[in-house]
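Chemist: Starting from these lines, generate the structure:
(2 chains)
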Amino acid sequence: DQQVKQNSPSLSVQEGRISILNCDYTNSMFDYFLWYKKYPAEGPTFLISISSIKDKNEDGRFTVFLNKSAKHLSLHIVPSQPGDSAVYFCAASPNAGNNRKLIWGLGTSLAVNP
Amino acid sequence: NAGVTQTPKFQVLKTGQSMTLQCAQDMNHNSMYWYRQDPGMGLRLIYYSASEGTTDKGEVPNGYNVSRLNKREFSLRLESAAPSQTSVYFCASKGRQGNQPQHFGDGTRLSIL
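Modeler: I've put the predicted structure just below:
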């Protein structure tokens, strides 16, 4: 039973436009959410995170929005660049003190076309 | 600026063979993790170590053992490899504070024939 769901396996966007990647979760105990980017033959790389006490966190071209009532978060990339083409994973963690374990979605493959 | 280093990058084993996957981090992190990634399954936690000297089972521990050799190193052992253990294995580490991200190595691609 997937507690973290990324319902779109793939997404294609034109360079310069906005990319919106979505993630839904079922466990109301999750209070920390992260997005990772993964290129082929490399490990996942941390992108941005958000705590459940916030509804938005921004870092350069990347913004994560959290809607706790809907148990939904989204990652916005503006403007999208061809180098953003990768698989994006959403991960969530319940409050577990200093040793958080992450529950992962299956990923969304983003293709940014020149 | 190595971060998390995994060796080997690729390995082919025969069913029943044993193997140890090595992981080392140079970020002075307390926690370390082993994941496997399979098509359509996402990342699944095998074992983790909250600190030197401690290890705990994750979601899919069967068929694996781990050793937290020291603060830097966390190894994953397959005692008798099975084809179902064909996967890409990732090691990760994390600092002490709760809201810090995990940092990943580049993975070991393991095929078991």
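Chemist: ok, the one residue in chain A that gets nearest to chain B - contacts?
Modeler: Closest approach of chain A to chain B (Cβ to the nearest Cβ) occurs at A:Gly43, with a separation of 3.3 Å. Backbone N, C-alpha and C define where each C-beta goes, glycine included. Neighbouring residues of A:Gly43 by Cβ atoms under 8 Å, 6 or more residues apart in numbering or on different chains: B:Val4, B:Phe90, B:Ala92, B:Phe104, B:Gly105, B:Asp106, B:Gly107.
Chemist: give me the subset of the residues you listed touching chain A.
Modeler: Residues of these in contact with chain A (Cβ under 8 Å from any Cβ of the partner chain): B:Val4, B:Phe90, B:Ala92, B:Phe104, B:Gly105, B:Asp106, B:Gly107.
Chemist: interface residues of chain A facing chain B?
Modeler: Residues of chain A lying near chain B (Cβ under 8 Å from any Cβ): A:32, A:34, A:36, A:41-46, A:49, A:51, A:89, A:91, A:96-102, A:104-107.
Chemist: switch the cut-off to 7 Å
Modeler: A:32, A:34, A:42-44, A:46, A:49, A:51, A:97-102, A:104-107 (Cβ under 7 Å from any Cβ of the partner chain).
Chemist: circling back to that earlier point, is it possible to export the ones next to chain A among the contacts of A:Gly43 to CSV including pLDDT, distance to A:Leu11 and neighbour count?
Modeler: As requested, the ones next to chain A among the contacts of A:Gly43 are exported to CSV (pLDDT from 0 to 100; distance: Cβ to Cβ, whole Å; neighbours: other Cβ atoms under 10 Å in any protein chain shown):
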residue, pLDDT, distance to A:Leu11, neighbour count
B:Val4, 97, 28, 23
B:Phe90, 98, 23, 25
B:Ala92, 96, 25, 27
B:Phe104, 97, 22, 23
B:Gly105, 97, 27, 25
B:Asp106, 96, 24, 18
B:Gly107, 96, 24, 23
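Chemist: Noted, bye for now.
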